[in-house]
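1. Pasting the sequence and the predicted coordinates here, then a few questions.
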Amino acid sequence: MSARPKTPRPPKSAAPCKDEDIALAFYRQMVLIRRFEERAARGYAEAKIGGYCHLNLGEEATVVGLMAALQPDDYVYASYRDHGYALARGISPERVMAELYGRTDGVSKGWGGSMHLFDVDARLMGGYGIVGGQVPLATGAALAVAHRGGAEAVLCQMGDGTTNIGAFHESLNLASLWDLPIVFVVSNNGLGMGTTVEGSSAEPDLFKRASAYRMASERVDGNDPVAVHAAALRALTHARSGKPFLLETVTERLKGHSVVDPAGYRTREQKAQLLAGDALSAYAARLTERAILTDDATREIDEAAMAAVDASVRFADASAHPATSTLFDYTYATAVPNDSRRLPGQPLFPAAARPGETMSEKAPA
Amino acid sequence: MSARPKTPRPPKSAAPCKDEDIALAFYRQMVLIRRFEERAARGYAEAKIGGYCHLNLGEEATVVGLMAALQPDDYVYASYRDHGYALARGISPERVMAELYGRTDGVSKGWGGSMHLFDVDARLMGGYGIVGGQVPLATGAALAVAHRGGAEAVLCQMGDGTTNIGAFHESLNLASLWDLPIVFVVSNNGLGMGTTVEGSSAEPDLFKRASAYRMASERVDGNDPVAVHAAALRALTHARSGKPFLLETVTERLKGHSVVDPAGYRTREQKAQLLAGDALSAYAARLTERAILTDDATREIDEAAMAAVDASVRFADASAHPATSTLFDYTYATAVPNDSRRLPGQPLFPAAARPGETMSEKAPA
Amino acid sequence: MTVISYRQALHDALREEMQRDADVLLIGEEIGRFEGSYKITAGMLEEFGPRRVRDTPIAEEGFTGAAIGAAMVGLRPVVEIMTINFSLLAIDQIVNHAAKIYGMFGGQARVPLVIRTPGGGGQQLGATHSQNIELYYAFVPGMKVVAPSTPADAKALMLAAIRDDDPVLVLENLALYNTTGEVPDVVEPAEIGRAAVVRTGSDITVIGYSRMAVIAREAAEVLAREGIDVEVIDLRSLRPLDRVTIVTSVKKTSCAVVLEDDWLTYGIGAEIAATISDGAFDWLDAPVRRVAMAEVPMPYAKSLEMAALPSLADAIGAIRATLDARARRA
Amino acid sequence: MTVISYRQALHDALREEMQRDADVLLIGEEIGRFEGSYKITAGMLEEFGPRRVRDTPIAEEGFTGAAIGAAMVGLRPVVEIMTINFSLLAIDQIVNHAAKIYGMFGGQARVPLVIRTPGGGGQQLGATHSQNIELYYAFVPGMKVVAPSTPADAKALMLAAIRDDDPVLVLENLALYNTTGEVPDVVEPAEIGRAAVVRTGSDITVIGYSRMAVIAREAAEVLAREGIDVEVIDLRSLRPLDRVTIVTSVKKTSCAVVLEDDWLTYGIGAEIAATISDGAFDWLDAPVRRVAMAEVPMPYAKSLEMAALPSLADAIGAIRATLDARARRA
Ligand SMILES: Cc1ncc(C[n+]2csc(CCOP(=O)(O)OP(=O)(O)O)c2C)c(N)n1
Ligand SMILES: Cc1ncc(C[n+]2csc(CCOP(=O)(O)OP(=O)(O)O)c2C)c(N)n1
Ligand SMILES: [Mg+2]
Ligand SMILES: [Mg+2]
């Protein structure tokens, strides 16, 4: 394995302690995510980024509030809409952008892409492209913690639409039955792709679904990072005592489902309204009003974010594409004989000698 | 198709109207099911019946109360524990037993066996061996009814353990979202195979799970056929108005999970207690007390049931085994070219002539 | 004849059947308001309304199962599963229910269901979104599986699938949606279960389906310029599999290459190769070569993805090598 | 050496690993209080307690996924899926998650998971409970799939599977649980990915796995009495597939028969036949014959089930026919 930059495990006391400092730190992270996501959209348009690319635009408050509530040893499982979670968990924008670019210095070494960010040091246990796929996995990580009597908790993030899939039901039941230290977070941005919560969930008050598992739950304003942070802390405390929790954060998705979706199912007015009521500017206004944020600070924070994002692009662009020779490196962790390592153009059997001729003793791939 | 006995569609007014008559009719059916199931267990021991064989012993009151509440045109989907449902739906014991025997006169022509009873005339839309498999299907049948604006309802029976599988969640959500005319019935016999409801469902008050879908629900004493009948009528009325319903009937499984299960996880005392508190004898006692049932009637009913069951065995035994030539009859409803109709011992290609020789023009199977 | 896209052909087939038969309805995620992830159902909600164009929750097992149940009771649902990868969430309903109901109940209930779903890689979608797992359905008696490679076949096979009384999986392909081709003004439903010799040739038989049938035709054209005369078979139907057409061709050409977009070991091509090696045993002058995807979880990085996916160059290389192998044995 | 049953061998392997390594735990439906549907885990709950022997709700996707997640964080769960038919409920977690996690995240997380599950028909369990769909897992890069046919292999392969850092599916078989055989007192883990020549012979190669490897040995014994010398290969590992052992044998015998308990078209045997026809092309003197299940939803009736399942007689018939086919060409 190449020596790649590691995500420093944040010291336990890293969180700023004064309210204003916390508020500012949240704002700073929110701006970083906003700028990063805007830059990612541009990278996609430039064909530097491929595949599906889902942004946290509009959801920054939820992302930042949640991640701030975690201890360094806690585990995070996320959906494919995971860039912000990675950044807020302390992973460098460089390594996140490099992953979006599909390069060797990316968090997942270019194997995962936008939907599959993973960092073992940050205990970010992956973004997952299969809707709901992360939910049983996160439940299992919590089972492992409980099995070993650990003090960690697991945070499992998912979207609103994800509450309708079977894995959600099976996992919440297991977590409750087995008293697992896990917080299920539903980032309710009101939409699946274009389908509304009301159009897909017979109980649109999603947090109420926890009652089917005798699980505690709460709904919080997902546009307020401080409120999310406080709710997440409560939920995590609950979880650490062996009682899983369902937390619903109500937020908005500013743009289309993924960067290629023009969101034609929204009217022009709706789009304008969304941008106007945007949580980031609302939060900035609140902080300015409370004199926590000055115009200078706003500018400085924005510039710092832009600089970090620009640096991430330079880093990503400079990072190497994975070499074809590494294609077979990650099929198995435990090597076994007869693993097939054959490129599409290669024959299954090397042109063999015929009966009577001397045989090539090369093993088939 | 051979001319096989059809299940007569019961006339709408067939249900007896006086309370006592109803009570007696229920008792009569319960006894028939009891005797049939006991005989099925014997048939299994005699190796006349194969595969898995799950009995309704102890659940007769639930079965009879539910089926009595249906209109002739309503659809029934059931789990593999389906013998009683078939009988109470009016299918002749002969054709049910013949199916258990795997014979051509069986309801499913010997193709289904104990777990897969189906009768298109009785609108018994199948027993299903995959736990929860029937739940989306039944939901879809209700969708078809709603789509056509029909007046029928669908009754979907399942066990308590089945409420933990994803399909349950997805289906109840769909049914509620789409206002479908369906009653989901959970026959809660307290156990999966040997696992208790408390050991498998974080919310053991199973009917409460309906709230996760804003669905109405109710729990009823599943050992009282009259109570089940009344509750089912309420639920069906609700469903016909486009509001799905979840009905939980609390009952007991007298014996093992299937006929081969000695139920070693129950103590001798528990077993004795179960037999003592058996719903059939309790119901008989109640009817006797209310002078609805006399000793003579008890005897007559029992003898009639035994006679019917004996006749069913004779019928089944006399019915033909499906001929091997019919093996390929039911792979497809719409015939298509190149369907593979090959027995295991047959070559894929008939011994072909070699180049130069005259070719056999037979198509490969 | 008009030249339209594969996407349009699918759309047209759906629309015509919706107009023709009130029992046909569309069910799937985001097919209505969002107009379909790949826009096959664009405009359908507006034309046919929400009762016949059912947007569903994210619940593949539930809504696929519901479609099967609706089919049992006489509707003719067409389900969209957004990509074939997600069909794994619904496979119990498809394999254990849709494919079994007709047989398991002795022919008492039919399941006139269509499942439309695209396969295809090459879009940097990563390991879970780049699989070609049509094998899972083609393997199952009771299922029918068709895999058109042209707009004309897309339309004709979709029409056939909708009118068929059995569950039919129609394998679409992400990489083909924007390809175009001639489609007759009036299209008859195709016969499910027939392969097509889409180019006659005498030197070698190349067999493909879906995207790889397109690659096969392209390879044939390239090689034709060198005087190599390739016969191309487009399987069109994976179940039933038309062995006669394949074997008949190889008896003529005496060698064959199979192109497939799935993994080699146990892939669709294994059956094709085994079928040829058996049915044309005495005619075959070189081993049947298979060109398939590298056997790895598909990486996101473009460099790796390109290395893992079979290409036109791979196809041409394999054809040449097979002709060489025959020559060596001649 | 002791003679024990296949069931006992599996049980012993699990028990020894549970004793050896506290990270090993058992997860599945009815494995504790009920002692397992097929009693492989009898006594385990009592010995190891409910934290290490986890009875689950009926939720294949949930508990299999949870086991995968626990494996990601370092436990070594052994999941029982009651029969392979029910694995379709969990296949998204197995194929889209267990098999992908190591690669998709660039090697950062391992999934040391075992899935134990029996296949096998012949018990009149009907269409949904009689399938042999190991193909679905053997097809997937990232998975390992082993299929023991003897008590000794059952133990050795189970030990290997538990100690392996990748997801391994151990295919058991309903019809083999009560079969017996010699097992060494101390068993070393087997090497996953190796087939075994379990009987050497010179006339023909017969290849099988799981129950059909037993049938292969029986057929060899019957034919030996007539002087026909059959070489028998037990695949043991379906993924990776040991092509070298297969091809080497056929180069010696020059003809082969494949026995499989799944459906013929696209079944496991297709790959074996294709592999032989390619790798031993110039040595092969007759087409590779496959003996497989009839391609129907399995009927319940005994008469039909027996007709649909491959038998010893079918195997013997195919071997004779293949020897004849070779003789005709000699
Ligand atoms: C099993 C599965 N089905 C469908 C999809 C396609 N899909 C990707 S995202 C998405 C919508 C998810 O909505 P939600 O859970 O609310 O998350 P959000 O995107 O709003 O964060 C869908 C349907 C998928 N990836 N996986
Ligand atoms: C998907 C699936 N998983 C597991 C099984 C094995 N199985 C058959 S019945 C059963 C228990 C079902 O319990 P419940 O739903 O309470 O129904 P009951 O048998 O008590 O009527 C199990 C686990 C199965 N048939 N299908
Ligand atoms: Mg959403
Ligand atoms: Mg039960």
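-> Yep, that arrived. Ligands and ions are numbered 1, 2, ... in the order given.

2. Going by neighbour count, which residues of the host helix or strand of residue A:301 are buried?
-> Using DSSP states H and E, residue A:301 falls within helix A:295-318. Within helix A:295-318, the residues that qualify as buried are A:297, A:301-302, A:305-306, A:308-309, A:312-313, A:315-316, counting by 16 or more other C-beta atoms under 10 Å in any protein chain shown. In this view, the C-beta of every residue, glycine as well, is placed from N, C-alpha and C.

3. Does chain D have contacts with that helix?
-> No. If you take C-beta under 8 Å from any C-beta of the partner chain as the test, helix A:295-318 misses chain D, and the best it gets is 15.3 Å.

4. what does that helix rub up against?
-> A:24, A:27-28, A:31-32, A:34-36, A:39, A:43, A:48, A:92-98, A:100-101, A:103, A:105-106, A:284, A:288 (C-beta atoms under 8 Å, 6 or more residues apart in numbering or on different chains).

5. average pLDDT across that helix?
-> Here helix A:295-318 scores 98 as its mean pLDDT.

6. Mind checking which of the contacts of helix A:295-318 are buried?
-> Buried residues within the contacts of helix A:295-318, counting neighbours by 16+ other C-beta under 10 Å: A:24, A:27-28, A:31-32, A:34-36, A:39, A:43, A:48, A:92-98, A:100-101, A:103, A:105-106, A:284.

7. Please list which of those residues also come close to ligand 1.
-> By C-beta under 6 Å from any ligand atom, no member of those lies near ligand 1.

8. on that earlier part again, just name the closest of the buried residues of helix A:295-318 to ligand 2, please.
-> Of all the buried residues of helix A:295-318, residue A:316 has the smallest distance to ligand 2: 45.1 Å, by C-beta to the nearest ligand atom.

9. What distance do you get for that closest one to residue A:103?
-> Per C-beta to C-beta, to the nearest Å, residue A:316 is found 6 Å from residue A:103.

10. shared neighbours of these two, anything?
-> Contacts common to residue A:316 and residue A:103, judged by C-beta under 8 Å, 6+ apart, are absent.

11. re earlier: which members of the buried ones among the contacts of helix A:295-318 additionally contact chain C?
-> Answer for these near chain C (C-beta under 8 Å from any C-beta): residue A:103.

12. Just give the nearest non-adjacent residue to residue 67, would you?
-> As the question left the chain open, I've gone with chain A. Closest residue to residue A:67 in three dimensions, ignoring its sequence neighbours and counting by C-beta to C-beta, 6 or more residues apart in numbering or on different chains: residue A:88, at 3.7 Å.

13. wait, chain C
-> Excluding its sequence neighbours, the residue lying closest to residue C:67 (C-beta to C-beta, 6+ apart) is residue C:77, at 3.9 Å.

14. give me the element the one you found is part of.
-> Assignment of secondary structure by DSSP H and E places residue C:77 within strand C:76-80.

15. now the helices for the stretch 51-200 of chain C?
-> C:60-72, C:91-93, C:101-104, C:135-138, C:151-163 (DSSP state H, counting those that start in this stretch).

16. nearest to residue D:241, of those helices?
-> Of all the helices of the stretch 51-200 of chain C, it is helix C:135-138 that lies closest to residue D:241, at 15.4 Å by C-beta to C-beta.

17. Is that closest one in proximity to chain A?
-> No. Taking C-beta under 8 Å from any C-beta as the criterion, helix C:135-138 and chain A are apart, separated by no less than 15.8 Å.

18. What's the mean pLDDT across that helix?
-> Regarding helix C:135-138, the rounded mean pLDDT is 98.

19. And for it, what's in contact with it?
-> Helix C:135-138 is touched from outside by C:87-88, C:91, C:94-95, C:143, C:145, C:169, C:238-239, C:241, C:262, C:266-268, D:135-136, D:139, D:265-266, with contacts defined as C-beta under 8 Å, 6+ apart.

20. Quick one: name the residues of the stretch 101-250 of chain A near chain B.
-> A:164-170, A:172-173, A:176-177, A:199-203, A:208-209, A:211-215.

21. pLDDT below threshold where in chain A?
-> Applying pLDDT under 70 to chain A flags the ranges A:1-17, A:352-354, A:356-365.

22. again, only this time at 50
-> Where chain A drops to pLDDT under 50, the residues are A:1-5, A:11, A:13-14, A:359-365.
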